[in-house]
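Asks: please find the sequence and the predicted model below.
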Amino acid sequence: MSDEDHLREAVRLAYACPPSATAFSVGAVIATPGGPVLSRGYSRQEEPHDHAEEVALRHAPRDLAGATVYSSLEPCGERASRPLTCARLIIAAGVRRVVYAWDEPSLFVPGKGVEVLRAAGVEVVKLAGLEAEARAANVHLFDE
């Protein structure tokens, strides 16, 4: 499967999130290059403060060398609900590549995930073409 296929699945997962007025609806997939999906997750999947990447990492195998995290939203670089951000969790898991669809708007905290990941040597790719679909899963947060 391609980066676009995996990211499209992550965006679809964002629509499974219970809506929240205080958090984004996000989907995440962890996969090997061109290979199988190792795990999936979406915001608030198991606990009210769960982030999608956090859930996917929780259920992923221990060895993520060579794996890519695909997220419908830029992984958080700051977080109000828990001490560890998704960017820090990704780095700690040994993931060296992240592909995402939509830059995190500064509605709740500043979007600094890309900056944190790149500073740690993680390759970060914003894949064009799925931003509108990822944003649409969060229409409840914006005055349209």
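Replies: That came through fine. Keep in mind that what you see is a predicted model, and the values were worked out from it rather than measured. Numbering: from 1, shown residues only.
Asks: please count neighbours and contacts with C-alpha atoms only from this point.
Replies: Fine.
Asks: what's around residue 90, how many residues?
Replies: Counted by other CA atoms under 10 Å, the residues lying close to residue 90 total 22.
Asks: can you tell me how far it sits from residue 22?
Replies: 23 Å (CA to CA, to the nearest Å).
Asks: kindly report the same for residue 73.
Replies: As judged by CA to CA, residue 73 and residue 22 stand 15 Å apart.
Asks: does the most centrally placed residue in the chain belong to a helix or a strand, and which?
Replies: Nearest to the mean C-alpha position of the chain, counting by CA atoms, centre = their mean, stands residue 71 at 3.2 Å. Here residue 71, judged by DSSP states H and E, is contained in strand 68-73.
Asks: what about residue 35, how many neighbours?
Replies: By the criterion of other CA under 10 Å, residue 35 has 11 neighbours.
Asks: for residue 91, that is, sorry about that
Replies: 18.
Asks: my read is it is in a helix, agree?
Replies: Yes: per DSSP: H, G, I helix; E, B strand; the rest coil, residue 91 lies within a helix segment.
Asks: correct me, but residue 71 touches residue 100?
Replies: Yes: using CA atoms under 8 Å, residue 71 makes contact with residue 100 at a distance of 4.7 Å.
Asks: anything in contact with each of the two?
Replies: The overlap between the contact sets of residue 71 and residue 100 (CA atoms under 8 Å, 6 or more residues apart in numbering) consists of residue 7.
Asks: between residue 73 and residue 22, which one's more packed in?
Replies: Taking neighbours as other CA under 10 Å, residue 73 and residue 22 compare with residue 73 leading, 29 against 9.
Asks: beta-bridge partners for the more buried one, please?
Replies: Taking DSSP bridges as the rule, residue 73 bridges to residue 102.
Asks: need the contact list for it.
Replies: If you count contacts by CA under 8 Å, 6+ apart, then residue 73 has 26, 27, 100, 101, 102, 103, 104, 134 around it.
Asks: name the SS class of the third one, please.
Replies: Secondary structure assignment for residue 100 (three-state DSSP): strand.
Asks: wait, isn't it in contact with residue 126?
Replies: Yes: contact criterion CA under 8 Å: residue 100 and residue 126 qualify, at 5.0 Å.
Asks: perfect, I'm done here.
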